[in-house]
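> Quick one, structure for this:
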Amino acid sequence: MKCVILAAGYATRMYPLTENFPKPLLEVGGRTIMDRLLDDIETIEQIDECVVVTNHRFIAHFEDWKSRQSDRRFSIDVLDDGSTENDNRLGAVKDLDFAIGECNIDDDVLVLAGDNLLDFSLKGYVEFFVEKNHSSIMYYYEPELDRLRRTGVIDIDGEGKVLSMQEKPQNPVSNYAVPPFYIYAKDDLHWIREAVVSGVNVDAPGNLLSKMCQYCEVYAFNMPGKRIDVGCLADYEKIKDCTNF
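As a prediction, the model looks like this:
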């Protein structure tokens, strides 16, 4: 299994802090957000390679970060998607497609947003995928309607199979919200290329999953803990000295 970390965003809501520095490399409790993700990924034996997709503005920062990762048990590739500002960013789906093509990936793929902090391990999620042997997503119960309207929402059956997925719905089908963590089975990777070619909204991975759920089996794993998406300067100020992630 390969791990692709999407880190090509510009974090405009955190300017000026992130105007010339990538959010995933900000430190929380003395370690970067990326390092915290990789510390966990390194414990998952199925993963043998990590690919980080960033943009042209931040590539030098990530190359410098990579130079300090030589003790990792797997190789790390850092890719420049060529974008230079928020207005010409490729979007999550195109960045994933770019990584798959650039690294000739022909394997199951764990996809993560590079700016999230977790208080749980992803190991259980990978084990769930291995058990189901189908592409998988994660979900959690979200009681607030306003939050549901700003994220992906799924409907599932009693076995955890995804029946439908909505991206930022006005009328959510359930209270099951989807964070930006996905596992695509090797045999389903072609859907990513087809989504790009067909013109799906490439900035919202939920639209890709919405299409996939119509044609193949996708299962949902109940998120076993909490995540923090460092969305703005106020969020970062609250957690930057925390060590329990």
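> Could you use CA atoms for every contact and neighbour count after this?
Noted.
> In three-state terms, how would the residue lying farthest from the centre of the chain be classified?
The C-alpha centroid of the chain is most remote from residue 158, which lies 25.6 Å away (Cα atoms, centre = their mean). Following DSSP: H, G, I helix; E, B strand; the rest coil, residue 158 is assigned to coil.
> Could you say which helix or strand holds residue 94?
If you go by DSSP states H and E, residue 94 is part of helix 92-102.
> Surely residue 19 and residue 13 touch.
No. Residue 19 is beyond contact range of residue 13, at 9.6 Å (criterion: Cα atoms under 8 Å).
> Can you find the helix or strand of the chain with the lowest average pLDDT?
None of the helices or strands of the chain scores lower by mean pLDDT, DSSP states H and E than helix 205-215, at a mean of 77.
> What is the neighbour count of residue 239?
17 (other Cα atoms under 10 Å).
> ok, now which ones touch it?
28-29 (Cα atoms under 8 Å, 6 or more residues apart in numbering).
> any idea how far residue 159 is from it?
Between residue 239 and residue 159 the computed distance is 36 Å (Cα to Cα, to the nearest Å).
> What of residue 185?
Counting by Cα to Cα, the gap from residue 185 to residue 159 is 18 Å.
> cool, and residue 218?
As for residue 218, its distance to residue 159 is 11 Å (criterion: Cα to Cα).
> and the residue nearest to residue 90 when sequence neighbours are not counted, what is it in contact with?
Excluding the flanking residues, the one nearest residue 90 by Cα to Cα, 6 or more residues apart in numbering is residue 83, at 6.8 Å. By Cα under 8 Å, 6+ apart, the contact list for residue 83 reads 55-57, 89-90.
> quick one, the helix or strand in which residue 154 is found and helix 205-215 angle?
Assigned by DSSP H and E, residue 154 belongs to strand 152-156. Between strand 152-156 and helix 205-215, the angle comes out at 20 degrees (axes from the mean of the first three to the mean of the last three Cα atoms, to 10 degrees).
> how far is stretch 235-245 from where the chain is centred?
Relative to the chain's own centre, stretch 235-245 is displaced by 20 Å; criterion: Cα atoms, centre = their mean, to the nearest Å.
> With just CA atoms, put that stretch into CSV.
Provided in CSV are the C-alpha atoms of stretch 235-245 (Å, rounded to 0.1, in the frame of the first residue of the first chain):
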residue,chain,number,x,y,z
ASP,A,235,-7.4,27.4,15.6
TYR,A,236,-3.7,27.2,15.4
GLU,A,237,-3.2,29.5,18.4
LYS,A,238,-5.4,27.2,20.5
ILE,A,239,-3.4,24.0,19.7
LYS,A,240,0.1,25.0,18.8
ASP,A,241,1.5,24.1,22.3
CYS,A,242,-0.5,20.8,22.6
THR,A,243,1.5,17.6,22.8
ASN,A,244,-1.3,15.0,23.0
PHE,A,245,-1.5,14.4,19.2
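> Same question for residue 192, what's its three-state structure.
helix.
> list the contacts for it?
Per Cα under 8 Å, 6+ apart, neighbours of residue 192: 93, 96-97, 208.
> hang on, the earlier thing: so for the helix holding residue 94, what gets flagged as buried?
By 16 or more other Cα atoms under 10 Å, the buried positions in helix 92-102 come out as 92-100.
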